[in-house]
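Student: give me a model of this one.
(one chain, ligands or ions: 1)
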Amino acid sequence: MSEIGQAEEKRNRSIRPLGRLAPYLKRYRGMVAGAIVALVAAAVTSLALPIAVRRMIDHGFDQADRGLIDSYFIAIMIMALILAAASALRYYFVISIGERIVSDIRREVFDHVTRLSPSFFDVNQSGEIVSRLTADTTQIKSAVGATASVALRNLILCLGAVGMMIVTSPKLSSIVLIAIPVIVLPLVSFGRSVRKRSRAAQDTLANASSYANETIAASRTIQAYNGEDAASRHYGAAVENAYQAARAAITSRSLLTGFAITMVFGSIVAVLWVGAQNVLAGTMSAGTLGQFLLYSVIAGSSLGSLSEVWGELSQAAGAADRLGELLAEVSPIAAPANPVPLPQPEGRVDFSDVHFFYPSRPGRSALHGLSFSVKPGETVAIVGASGAGKSTIFSLLLRFYDPQQGSVSVDGVVISSVLPEALRERIAIVPQDTTIFATSIHDNIAFGRPGASRDEVRAAAAAAQADEFISRLEQGYDTQVGERGVTLSGGQRQRIAIARAILKNAPILLLDEATSALDAESETLVQKALESLMEARTTLVIAHRLATVLKADRILVLDQGRIVEEGTHQSLIRHGGIYAKLARLQFDAAIEERMLIAK
Ligand SMILES: Nc1ncnc2c1ncn2[C@@H]1O[C@H](COP(=O)(O)OP(=O)(O)OP(=O)(O)O)[C@@H](O)[C@H]1O
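Tutor: Residues are numbered from 1 along each chain as shown. You can find the predicted model right below:
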């Protein structure tokens, strides 16, 4: 799996990647055509103005043709109106196309990223991806919108004005044409260094943004550890770096602009001096010189604007390239070409000689030749030290990763041959860190089965021992729970996650018991909720509670990616192996408590 942005340095710093936007533009041919017509109309009108001015100078002020001056002014007024209408239409079309395309890209990138397998997120920071979705798309919006139209208008104006300069006076134009390479060549190389600096500024900002993202999400932990000052310093330094990088880019941009304008206007002034000599010598009319002057100003200023927007266009090209890379990222967990349908759900699970290492850590095996079967309706507890590979079993069963060797089957079918959605339909998971979304309680529970009725949601909540606390809230099921459910207690969050799994009603349940201690009352409620969830389902539970291992049909003891012991609590304690030691550490307090109660 490649890290996005890794190929950055090798990438051609041209505006070619903007070509990636062509398919999006094609979807809106009508609007693009409207924009081009408006652009050309505005440019042609601007280019026609100097002709009217020359005719006015050469003939309009002639006493013999007094009537002509009125018709010239009327013609100029009409042109100005056409220019105004064309410019307004250009603005409308171009900006709308920018907004339209960026909405499409945002949606497509989001759809794609949310479907990438977790191995992608192992090597890419979520803050970085969010920055692609917001900052890069915004840059493309301004490029497709304003910048591209400014560039196109100036290109048409520049080419048209140069053409008209040649028509107006070939002699003066030849001097200008010789001057062009002298001006353009240094501009191109200068432009390159500007682009390099802008890219550096952008990357530094992306770093600062992912830091801010992470810190804000962890604000409680940061405050609890009095880490605000350190975080402020860190972010301050990152933002300062971004500012310095941006300033370097701005400095070169301003130098580039100054240089371009000096060179362009310097040569125009020189040419005009020659023209003025010609007028004095009687070889050129004053109107022709005026017309030439206007065309050179148009050509010069449009060239200047072109050099200014070029940097922005290439920045947007970089953004398009990065987004293209993200869209080209292929998830290793693909749906098979000819998916096998799963049989009637039973809830059987088989791991057969599974060897697995995480793609981001190829050197370190997480599971070594794991084999076990879980019969329909059986409850199997997985026990093992931290890092033994317990959660990895869940990740493989949900097909977040594929094992490098061996196979995982559900209801007798190897899971890589079925549609991932069909597989996940059969599994409900209650993770240790419950995910609560910043929406209503109803929506959080209904996430287990979109479209569930209010009664179904309420029934699931009741089975999860959550209905009572929810009903006591002012807005009941419509209560908004805040980001990550901050307004709920740990036990309440867990019961909502359990309600969600109950609503899903899948034949296989994966349960990662929370290690965090709950108060006795919450603990009892959560325990009761889990009991109704586990009823008549195949359950694999990463166990941290004595009550759970006592109730399990079987316990698998995992050590460094291998199953080292298997049996019931009693038999394993009698065996006196790893489990007996683990149980003494993990469950001792609970065992003592039970004995006290018994007394
Ligand atoms: N996404 C990942 N990328 C790389 N390595 C990982 C990833 N997740 C886990 N590991 C590694 O794989 C091994 C098994 O991890 P796993 O999370 O399955 O352990 P666990 O038994 O569930 O531990 P715990 O009880 O602490 O949650 C560990 O060495 C861990 O560092």
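Student: low-confidence stretches in the stretch 401-550 of the chain?
Tutor: Applying pLDDT under 70 to the stretch 401-550 of the chain flags residues 483-486, 514-523.
Student: helices of that one, start to end?
Tutor: For the stretch 401-550 of the chain, the helices defined by DSSP state H, counting those that start in this stretch cover 420-425, 441-446, 454-463, 467-472, 490-504, 520-534, 546-551.
Student: what is the subsequent helix or strand relative to the helix or strand harbouring residue 216?
Tutor: Assigned by DSSP states H and E, residue 216 belongs to helix 170-217. Remark: after helix 170-217, the chain's next helix or strand is helix 219-224, criterion DSSP H and E.
Student: which parts of that following helix are buried?
Tutor: By 16 or more other CB atoms under 10 Å, the buried positions in helix 219-224 come out as residue 222. No exception for glycine: its C-beta is placed from N, CA and C like everyone else's.
Student: same check on stretch 15-23?
Tutor: Of the residues in stretch 15-23, those buried (16+ other CB under 10 Å) are 15, 17, 18, 20, 21.
Student: gap between that stretch and the chain center?
Tutor: 18 Å (CA atoms, centre = their mean, to the nearest Å).
Student: for the chain, what's the longest helix?
Tutor: helix 228-281 (DSSP state H).
Student: which strands and helices sit next to that helix?
Tutor: Judged by 3 or more CB pairs under 8 Å, 6 or more residues apart in numbering; DSSP states H and E, helix 228-281 is in contact with helix 170-217, helix 286-328.
Student: where do the helices sit along the stretch 51-200 of the chain?
Tutor: For the stretch 51-200 of the chain, applying DSSP H, counting those that start in this stretch gives helices covering 66-114, 118-123, 126-131, 137-142, 148-168, 170-217.
Student: okay, those helices in TSV with mean pLDDT next?
Tutor: Output for the helices of the stretch 51-200 of the chain, formatted as TSV (pLDDT from 0 to 100):
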stretch	mean pLDDT
helix 66-114	86
helix 118-123	83
helix 126-131	79
helix 137-142	84
helix 148-168	85
helix 170-217	77
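Student: how many residues are close by the nearest residue to residue 257 once chain neighbours are set aside?
Tutor: In space, and not counting its chain neighbours, residue 257 is closest to residue 308: 5.8 Å by CB to CB, 6 or more residues apart in numbering. Residues near residue 308, counting by other CB atoms under 10 Å, number 18.
Student: returning to what we had before: most tightly surrounded among the helices of the stretch 401-550 of the chain?
Tutor: Highest mean neighbour count among those (mean count of other CB atoms under 10 Å): helix 490-504, with a mean of 25.
Student: any idea of the angle it forms with helix 454-463?
Tutor: 130 degrees (axes from the mean of the first three to the mean of the last three CA atoms, to 10 degrees).
Student: next one: helix 490-504 to chain centre, how far?
Tutor: 29 Å.
Student: in contact with the residue nearest to residue 425 when sequence neighbours are not counted, which residues are there?
Tutor: Residue nearest to residue 425 in three dimensions, not counting chain neighbours: residue 506, with 6.9 Å by CB to CB, 6+ apart. Residues near residue 506 by CB atoms under 8 Å, 6 or more residues apart in numbering: 425, 426, 427, 428, 537.
Student: mind running it again at 6 Å?
Tutor: Applying CB atoms under 6 Å, 6 or more residues apart in numbering to residue 506 gives the contacts 426, 427, 428.
Student: any of these buried? List them.
Tutor: Those of the contacts of residue 506 that meet the buried threshold are 426, 427, 428, by 16+ other CB under 10 Å.
Student: export the residues you listed to JSON lines and tack on distance to the ligand?
Tutor: What follows is these, written out as JSON lines (distance: CB to the nearest ligand atom, whole Å):
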{"residue": "426", "distance to the ligand": "21"}
{"residue": "427", "distance to the ligand": "17"}
{"residue": "428", "distance to the ligand": "19"}
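Student: tell me the residues of the stretch 301-450 of the chain that contact the ligand?
Tutor: Residues of the stretch 301-450 of the chain lying close to the ligand (CB under 6 Å from any ligand atom) are 358, 360, 361, 366, 384, 386, 387, 388, 389, 390, 391, 392.
Student: for these, which one is nearest residue 477?
Tutor: residue 391 (31.1 Å; CB to CB).
Student: relative to the whole chain's centre, how far out is the strand or helix carrying the closest one?
Tutor: In the assignment (DSSP H and E), residue 391 maps to helix 390-397. Centroid separation between helix 390-397 and its chain, computed with CA atoms, centre = their mean, is 27 Å.
Student: contact partners of that helix?
Tutor: 366, 367, 382, 384, 401, 403, 408, 510, 542, 558.
Student: assumed the second one was part of a strand.
Tutor: Right, the one you point to is residue 367. Yes - per DSSP: H, G, I helix; E, B strand; the rest coil, residue 367 lies within a strand segment.
Student: for residue 372, what are its contacts?
Tutor: So residue 372 contacts 351, 556 (CB under 6 Å, 6+ apart).
Student: check which helix or strand it maps to.
Tutor: Going by DSSP H and E, residue 372 is in strand 365-374.
Student: residue nearest the centroid of the protein?
Tutor: Residue closest to the mean C-alpha point of the chain, counted by CA atoms, centre = their mean, is residue 133 at 3.2 Å.
Student: if I look at that residue, how far off is the ligand?
Tutor: For residue 133, the distance to the ligand equals 22 Å [CB to the nearest ligand atom, to the nearest Å].
Student: contact partners for that residue?
Tutor: When contacts are counted by CB under 6 Å, 6+ apart, residue 133 is found next to residue 109.
Student: list the residues that contact residue 586.
Tutor: Shown in contact with residue 586 (CB under 6 Å, 6+ apart): no residues.
Student: brain fart, residue 157
Tutor: Each residue near residue 157 by CB under 6 Å, 6+ apart is listed here: 43, 298, 302.
Student: Serialize the buried ones among the contacts of residue 506 to JSON lines and add fields for distance to residue 294.
Tutor: As requested, the buried ones among the contacts of residue 506 are exported to JSON lines (distance: CB to CB, whole Å):
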{"residue": "426", "distance to residue 294": "75"}
{"residue": "427", "distance to residue 294": "73"}
{"residue": "428", "distance to residue 294": "74"}
